[in-house]
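S.K.: I'd like to go over a predicted model; first the sequence, then the structure.
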Amino acid sequence: MGLVARQTFYNLLSIGLAFMLGAINTLYMYPNYMGSRLQGVVIALLAYSNLVQPFISFGLQHAIIKYYSALKTKDEKDSLLVFTIWSPLLILILISIYLWIFSSSIIIDISAKEPLLSTYAFVIILIAISTSYFEIFFSWLRVHLASVFGNFLKEFYPRLLNFILLTLYALNIIKFETFIYCLIIGYYIRLLLVILYSLKIYTPKFRFSLPPFYLKILFYSFLIFLSGAASSIILDIDKSMIASLITADDVAFYSVALFIAAVVEAPGRAMLQIVSPLVSKAINSNDKIYLTRLLKKSSNNLFLVSGVLFLLITLNLSDFYIFVNQPLYAVAIGVVSVVSIGKLYSMSIGCLNNIISNSKYYPYIFWFSILSATIAVILNLILIPKYGILGAAYATLCVIIMINTLKILLIAYGLKIHPYSKETLKILLVILVVYSILGEINFDSSSSLINLLIRSIVIITLYTCLSHLFGLFKDINQQINKYL
């Protein structure tokens, strides 16, 4: 686990910096200088782009993770990598024909409530292309266990790009139109950087040849593509539907809340970048002992670290929104609390998703994704008109709980393993105890910042003491001792 711990640490560092810079962008720069309407337009464009991206990448980035370690010779591995480069080009041709025929009706639909979305609709496909190829080359790095720089480009770079462009916009150096064009250019610079670094880490022989069992790879990619398309719907359909059913301002309020709640899953985003290829290797070598160890350790460590982040967020929400001085955005406080519960549950299952996608049970991902996407659309249609953005949060939570539970049951039945242990119950007990104690205590300082600091110190202290009392820091202490 040394390699996992080391790269997880660096990945967590870049993700932590990304979240801090993202917080400045989301909670200060956008609201104060661009306004909630233009912020909602940018977020909606990126959300639609995320919906298109799986159609271009076609799940090939996941095929690299699953099959690279199963191939034996350099020629076979090279053929797989090169195959993932030219295949999306064929898909792009088909998508271009479709857009040429139906673009007018699509633009009318997405811009029904916000005319600016039609003006900048071209952003959707351009950024989707860049993101698709970025994910493919990032998978090259992950199978060579070199995820740190790729993760930096994935997590930190887009926030830095937004911060620079927002600063230029705030200083009246650029207009909104220039902001959009520079955003596109920035995404393609990121793609160029990951391509150059990938080729530095490993340069394949660029020749056209189909990889071994390519039909099996295509079938796997097809199922992952369908699953990825459905997953993108789950991630972004709420923002898209809010833009269509309510207003672009509500998209901004909701997106800020999701950003805050997403901090809970930051440890998972750091760890699972490097754990995924290790899971694939364990499955391909039929090493069930190591696979079980990865699942249990990832579950316990992610649940433990995400637990304290969950407490820091949900117990500080009122003072936090007062501190950032954005009263309009405070309408989404309930969204943060609801979605954070779902994020914490997702972290508790550890690397279970990686196990499913790399095992013989990967076809179930498609059915889970289709089911969750269908339920997400139905619940959003019912709950958003009734409860507004809080209804979208309820829909998200219901989908997360249902699908993760089905995944746990699948692996428990199929592979006879599961992510939980007695340590899981201890961690859950610690979270509940800290929440019940500090949820009833109000700090009377006139400064929201002082309240935030005091409550956060108390949360961390109490959480650490209880975790140490229950012996939950064994793995973390071992890694700290290795570094020392």
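M.R.: In hand now; what should we look at? Numbers count the residues shown, from 1 in each chain.
S.K.: Low-confidence ranges, the chain, go.
M.R.: 1-12, 99, 101-115, 117, 227-249, 270, 272-274, 326, 443-446, 473-484 (pLDDT under 70).
S.K.: in it, which residue is closest to the centre?
M.R.: Centroid-nearest residue in the chain, with Cα atoms, centre = their mean: Arg269, separated by 6.8 Å.
S.K.: tell me what the helix or strand encompassing that residue is packed against?
M.R.: Taking DSSP states H and E as the criterion, Arg269 maps to helix 266-284. Where contact means 3 or more Cβ pairs under 8 Å, 6 or more residues apart in numbering; DSSP states H and E, helix 266-284 is packed against helix 2-24, helix 60-67, helix 122-143, helix 148-151, helix 288-314, helix 333-348, helix 352-358. Every C-beta, even on glycine, is put in place using the N, C-alpha and C of the backbone.
S.K.: Run the chain-centre distance for the helix or strand that the fourth one is followed by.
M.R.: So the one you mean is helix 148-151. Sequence order places helix 157-170 as the next helix or strand after helix 148-151, per DSSP H and E. On the basis of Cα atoms, centre = their mean, to the nearest Å, helix 157-170 sits 20 Å off its chain's mean C-alpha point.
S.K.: and the angle from helix 157-170 to helix 122-143?
M.R.: 150 degrees (axes from the mean of the first three to the mean of the last three Cα atoms, to 10 degrees).
S.K.: contact partners of helix 157-170?
M.R.: Identification of contacts with helix 157-170 by Cβ atoms under 8 Å, 6 or more residues apart in numbering yields 18, 21-22, 24-25, 29-30, 32-34, 174-176, 179, 182-183, 186-187, 190, 193.
S.K.: then the helix holding Arg269 to PDB, C-alphas only?
M.R.: Extracted in PDB, the C-alpha atoms of helix 266-284 (Å, rounded to 0.1, in the frame of the first residue of the first chain):
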ATOM      1  CA  ALA A 266     -12.400  14.500  -2.100                       C
ATOM      2  CA  PRO A 267     -10.400  11.700  -0.300                       C
ATOM      3  CA  GLY A 268     -12.100   9.100  -2.700                       C
ATOM      4  CA  ARG A 269     -11.200  11.100  -5.800                       C
ATOM      5  CA  ALA A 270      -7.600  11.100  -4.600                       C
ATOM      6  CA  MET A 271      -7.300   7.400  -3.600                       C
ATOM      7  CA  LEU A 272      -9.300   5.800  -6.300                       C
ATOM      8  CA  GLN A 273      -7.200   7.300  -9.100                       C
ATOM      9  CA  ILE A 274      -4.300   4.900  -8.200                       C
ATOM     10  CA  VAL A 275      -6.400   2.100  -6.600                       C
ATOM     11  CA  SER A 276      -8.300   1.400  -9.900                       C
ATOM     12  CA  PRO A 277      -5.400  -0.100 -11.800                       C
ATOM     13  CA  LEU A 278      -4.400  -2.200  -8.800                       C
ATOM     14  CA  VAL A 279      -7.900  -3.600  -8.500                       C
ATOM     15  CA  SER A 280      -7.700  -4.500 -12.200                       C
ATOM     16  CA  LYS A 281      -4.400  -6.200 -11.700                       C
ATOM     17  CA  ALA A 282      -5.700  -8.200  -8.700                       C
ATOM     18  CA  ILE A 283      -8.800  -9.300 -10.700                       C
ATOM     19  CA  ASN A 284      -6.700 -10.300 -13.800                       C
END
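S.K.: Check the gap between Phe149 and Gly268 for me.
M.R.: In this view, Phe149 and Gly268 are 20 Å apart by Cβ to Cβ, to the nearest Å.
S.K.: which of these two has more neighbours?
M.R.: Neighbour count, other Cβ atoms under 10 Å: between Phe149 and Gly268, Gly268 has more, with 27 against 18.
S.K.: Now do the more buried one against Ala70, distance only.
M.R.: Look at Gly268 and Ala70: by Cβ to Cβ, they are 25 Å apart.
S.K.: same deal with Leu17?
M.R.: 35 Å.
S.K.: ok, now Leu193?
M.R.: 29 Å.
S.K.: again, but for Glu155
M.R.: According to Cβ to Cβ, Glu155 and Ala70 sit 29 Å apart.
S.K.: Neighbour count for the two, which is higher?
M.R.: Glu155 (23 against 17).
S.K.: Contact partners for that one?
M.R.: Listed by Cβ under 8 Å, 6+ apart, the contact partners of Glu155 are Asn11, Ser14, Ile15, Ala18, Arg269.
S.K.: which ones are touching the residue nearest to it when sequence neighbours are not counted?
M.R.: Leaving aside its sequence neighbours, Glu155 sits nearest to Ala18 (Cβ to Cβ, 6 or more residues apart in numbering; 4.1 Å). Contacts for Ala18 were tallied using Cβ under 8 Å, 6+ apart; they are Glu155, Phe156, Arg159.
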